[in-house]
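Novice: the following block contains a protein sequence and its predicted model.
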Protein chains: 2
Amino acid sequence: MDEFELIERFFNRRVSSPGVLVGIGDDGAVLQPSAGHDQVQVIDTLVEGVHFPADSQAEDIAYRAVAVNLSDIAAMGARPRWMTLALTMPPKNDEWLAAFASGLFEAAGEFDVALVGGDTTSGDAVVATVHITGEVETGKALLRSGAKVGDTIFVTGTIGDAAAGLEMLGRGERDSFLVHRFLRPRARIETGCQLIGLANAAIDVSDGLVGDLKKLLDASEVGAELDIDRVPVSDAIKARFDESHRTRLALTGGDDYELCFTARPDAVNGIAGLTAIGKVKREPGLTCRQNGVIVECDDSGYRHFQ
Amino acid sequence: MDEFELIERFFNRRVSSPGVLVGIGDDGAVLQPSAGHDQVQVIDTLVEGVHFPADSQAEDIAYRAVAVNLSDIAAMGARPRWMTLALTMPPKNDEWLAAFASGLFEAAGEFDVALVGGDTTSGDAVVATVHITGEVETGKALLRSGAKVGDTIFVTGTIGDAAAGLEMLGRGERDSFLVHRFLRPRARIETGCQLIGLANAAIDVSDGLVGDLKKLLDASEVGAELDIDRVPVSDAIKARFDESHRTRLALTGGDDYELCFTARPDAVNGIAGLTAIGKVKREPGLTCRQNGVIVECDDSGYRHFQ
């Protein structure tokens, strides 16, 4: 099967999609941007053996490759529209390809994202790169750089689940909730869109809460106080990990694809599923408090302040 | 050096570019599409050991990764605007990264394409994926599907040089012209833009002239007659390869990144550097003539008609 047959069989689903004048099958896709909107473009790669275990299911790899990009779109407050895929892989059978396509279209279908083009190439390991284009009303994109002194810091959902899930996968365990949180992150597109005009700065939690929050603070040239006791963790994590372990998971584990953002304290009262976890301060640096004590946090872990 | 430092040091050139509201450094790029234009999006991957020899120069790899995408943009008649890069690689030293960045920005700089985002990941081999967004006046993109019976078939430049250059590289030869044509293809952006409103169908010659022309004919639901004697080959090829070998290079060698298009016979008289090589016919299939004799061509070679 050559590349053209492969694309025809597994990736070319002829669905008419808004704004797609020409999809898969020409030298490029022809797309119609919406008037009155800026575009948000993101690209992210998952590498076999680096971002996912080599024995992962094709469906899960594809789903995550789309979801991690959707999460970046969500962090900008944009709505995803179009996607392209660059898939490098060793020779694979039809079953693998069908499963990969199924995971890809599952993630894309949740937010009506159209696959408009791609490239499949051969290589020794699976390398899946997804590019997504989103749209946001002109001038309204959420940036990392807008946090203001006095803002409250919020996160969506619960934090640390994906890192816990990855640990468990590594031990051959298959706890359904935590492992699912790693394999099937659901991007916070709806919340991102709701935050337009309300949040002052936003980032997605992909590398770990402390590290990502620091990037937001640096971009905004402010500091913050983080209340560790308030960082929301799931019952599943509480049931399986002691306090010290789950704090590490929540502060430094990545792959949650929740949103972390700052807003005036009462600005987001109407939005469900948010937890306030800290305050933006003028003084640079991140101060963390746990059980009333100041502890030192860094990207790679945390330890009690001496 | 972590990913953020790496991007800062080698890829984040803070040049203000038209339409780039936010470039590298946030969760995504924020871009301003031009009113009255459609967008063309393309994505292409080069894999070490598959698309380029493992001992290739980093500069050449990067240049080609951009150029092959620019060529797809050219084939649609669009003007390239923005680019994102997904680079997977084994641990590399600063020299390699600086050379890669240099080749990347050289190719992008030739057509004022801005690097607006990317992702760098580790893997066992270099896998370089580039995504480019171009713009074309609304409704004017050149497609593969518009060829009309009676159209003349044209190509730009000379055909077969890159395949010849790759052969020579494989033998350790370094003929400057032919090897350069493989390593440093220059996309026909200007010609593509000139063809808007004049060409009826276009494709770039990346997989080989016969194979690519057949894709155009299939998309247009027409056939053609190709005059092999008229396919333009360079003096460098003539000097080094006999007729049979150079015909094979010209008809089936890929990687030239010239344009092949169809237009009314006199429509493109004003454009320099074009060669008429055949005619579009109603009858399906591709008939090839050489030295007055009909020969059979297929994607993988050609042989005399029996």
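Specialist: That came in fine, so what should we check first?
Novice: where along the stretch 151-300 of chain A do the strands fall?
Specialist: Assigned strands in the stretch 151-300 of chain A, in chain order: A:152-156, A:199-205, A:223-227, A:258-263, A:274-281, A:286-290, A:293-298 (criterion: DSSP state E, counting those that start in this stretch).
Novice: export those to TSV and tack on mean pLDDT?
Specialist: Putting the strands of the stretch 151-300 of chain A into TSV (pLDDT from 0 to 100) gives the following:
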stretch	mean pLDDT
strand A:152-156	98
strand A:199-205	98
strand A:223-227	97
strand A:258-263	98
strand A:274-281	98
strand A:286-290	94
strand A:293-298	83
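Novice: wait, which of these is closest to residue B:152?
Specialist: Nearest to residue B:152, of all these, is strand A:199-205, at 52.6 Å by Cβ to Cβ. Backbone N, C-alpha and C define where each C-beta goes, glycine included.
Novice: name the strands paired with the closest one and say parallel or antiparallel.
Specialist: strand A:258-263 (antiparallel) (DSSP bridges).
Novice: now the strand it pairs with against strand A:274-281, angle please.
Specialist: 50 degrees (axes from the mean of the first three to the mean of the last three Cα atoms, to 10 degrees).
Novice: what angle sits between strand A:258-263 and strand A:223-227?
Specialist: Using the same axes, to 10 degrees: strand A:258-263 against strand A:223-227 is 120 degrees.
Novice: show residues contacting strand A:258-263.
Specialist: A:74-75, A:142, A:146-148, A:151-159, A:188, A:191-192, A:195, A:198-205, A:209, A:212-213, A:216, A:220, A:280 (Cβ atoms under 8 Å, 6 or more residues apart in numbering or on different chains).
Novice: residue contacts, the residue lying closest to residue A:149 once chain neighbours are set aside?
Specialist: Spatial nearest neighbour of residue A:149, chain neighbours left out: residue A:282 (4.8 Å); criterion: Cβ to Cβ, 6 or more residues apart in numbering or on different chains. Applying Cβ under 8 Å, 6+ apart, we find residue A:282 in contact with A:149, A:222-223.
Novice: check residue A:60 too.
Specialist: A:52, A:103, A:183-184.
Novice: repeat that with 6 Å
Specialist: residue A:183 (Cβ atoms under 6 Å, 6 or more residues apart in numbering or on different chains).
Novice: A helix includes it, no?
Specialist: Yes - counting by DSSP: H, G, I helix; E, B strand; the rest coil, residue A:60 is part of a helix.
Novice: look at it and report its pLDDT.
Specialist: pLDDT, residue A:60: 95.
Novice: where's it relative to residue B:282, distance?
Specialist: For residue A:60, the distance to residue B:282 equals 50 Å [Cβ to Cβ, to the nearest Å].
Novice: same question, residue A:6
Specialist: The value you get for residue A:6 to residue B:282, if Cβ to Cβ is used, is 31 Å.
Novice: near chain B, which residues of the stretch 1-150 of chain A?
Specialist: Within the stretch 1-150 of chain A, the positions near chain B by Cβ under 6 Å from any Cβ of the partner chain are A:26-33, A:38-45, A:47, A:50, A:72, A:75-76, A:84, A:86, A:88, A:119, A:121-123, A:127, A:129, A:131, A:141, A:143-144.
Novice: tell me which of these fall in helices.
Specialist: Using DSSP state H to define helices, the subset of those located there is A:72, A:75.
Novice: in contact with the residue nearest to residue A:22 when sequence neighbours are not counted, which residues are there?
Specialist: Using Cβ to Cβ, 6+ apart and skipping the chain neighbours, the partner closest in space to residue A:22 is residue A:30 (3.9 Å). By Cβ under 6 Å, 6+ apart, the contact set of residue A:30 is A:21-22, B:38, B:40, B:141.
Novice: number of residues surrounding the closest residue to residue A:61 other than its chain neighbours?
Specialist: Nearest residue to residue A:61, sequence neighbours excluded (Cβ to Cβ, 6+ apart): residue A:52, at 5.6 Å. Neighbourhood size, residue A:52 [other Cβ atoms under 10 Å in any protein chain shown]: 21.
Novice: for residue A:52, give me phi and psi.
Specialist: When read as degrees, to the nearest 10, the backbone of residue A:52 gives phi -150, psi 150.
Novice: distance check, it against chain B.
Specialist: 12 Å (Cβ to the nearest Cβ, to the nearest Å).
Novice: ok, what's across the strand from that residue?
Specialist: Bridge pairing for residue A:52 - DSSP bridges - gives residue A:48.
Novice: related to what we said a few turns ago, okay, and the beta partners of the residue nearest to residue A:22?
Specialist: Under the criterion used (DSSP bridges), residue A:30 bridges to residue A:22, residue B:40.
Novice: tell me the confidence at it?
Specialist: Confidence score, pLDDT, at residue A:30: 98.
Novice: could you list the domains of chain A?
Specialist: Using automatic domain parsing, the domain parsing of chain A gives A:3-137, A:144-304.
Novice: can you tell me which of these is most buried?
Specialist: domain A:3-137 (a mean of 21; mean count of other Cβ atoms under 10 Å in any protein chain shown).
Novice: distance from the chain centre to that domain, please.
Specialist: Between the centre of domain A:3-137 and the centre of its chain there are 15 Å (Cα atoms, centre = their mean, to the nearest Å).
Novice: tell me how far the ends of it are from each other?
Specialist: End-to-end distance for domain A:3-137: 37 Å, by Cα to Cα, to the nearest Å.
Novice: for residue A:103, which three-state class applies?
Specialist: helix.
Novice: what's near enough to touch it?
Specialist: Counting by Cβ under 6 Å, 6+ apart, residue A:103 has contacts A:59, A:62-63.
Novice: can you check the pLDDT for it?
Specialist: pLDDT, residue A:103: 97.
Novice: also the one 4 residues further on?
Specialist: Residue A:107 is assigned a pLDDT of 97 by the prediction.
Novice: quick one: low-confidence ranges for chain A?
Specialist: Applying pLDDT under 70 to chain A picks out residues A:1, A:14, A:298-306.
Novice: same thing but at 90, please
Specialist: For chain A, applying pLDDT under 90 flags the ranges A:1-18, A:52-55, A:92-93, A:169-176, A:254, A:291-292, A:295-306.
Novice: run through who's touching stretch A:2-19.
Specialist: Contacts of stretch A:2-19 (Cβ under 6 Å, 6+ apart): A:24, A:31-32, A:97, A:101, A:114, A:120.
Novice: show me the two of those that sit farthest apart.
Specialist: Every pair of the contacts of stretch A:2-19 checked by Cβ to Cβ; the farthest is A:32 and A:97, at 30.1 Å.
Novice: so residue A:80 makes contact with residue A:109?
Specialist: No - using Cβ atoms under 6 Å, residue A:80 makes no contact with residue A:109, being 11.4 Å away.
Novice: let me see the contact set for residue A:223.
Specialist: Counted by Cβ under 6 Å, 6+ apart, residue A:223 has contacts A:281, A:283-285.
Novice: tell me what it is bridged to.
Specialist: Beta-bridge partners recorded for residue A:223 (DSSP bridges): residue A:281.
Novice: how close does residue A:269 get to residue B:145?
Specialist: 53 Å.
Novice: the stretch 151-300 of chain A: helices as residue ranges?
Specialist: Under the criterion DSSP state H, counting those that start in this stretch, the stretch 151-300 of chain A carries helices at the ranges A:161-170, A:176-183, A:189-194, A:209-220, A:235-240, A:243-252.
Novice: which one of the ones you listed lies closest to chain B?
Specialist: When the helices of the stretch 151-300 of chain A are compared by Cβ to the nearest Cβ, helix A:209-220 sits nearest chain B, at 7.3 Å.
Novice: what residues does the closest one touch?
Specialist: With contact meaning Cβ under 6 Å, 6+ apart, helix A:209-220 is reached by A:144-145, A:147, A:159, A:201, A:203, A:205, A:224, A:251, A:260, A:286, A:297, A:299.
Novice: repeat the analysis, applying 8 Å as the threshold.
Specialist: Counting by Cβ under 8 Å, 6+ apart, A:143-148, A:153, A:155, A:159, A:201-206, A:223-224, A:226, A:231, A:250-252, A:254, A:256, A:260, A:262, A:278, A:280, A:284, A:286, A:288, A:297-299, A:302, B:25-26 sit against helix A:209-220.
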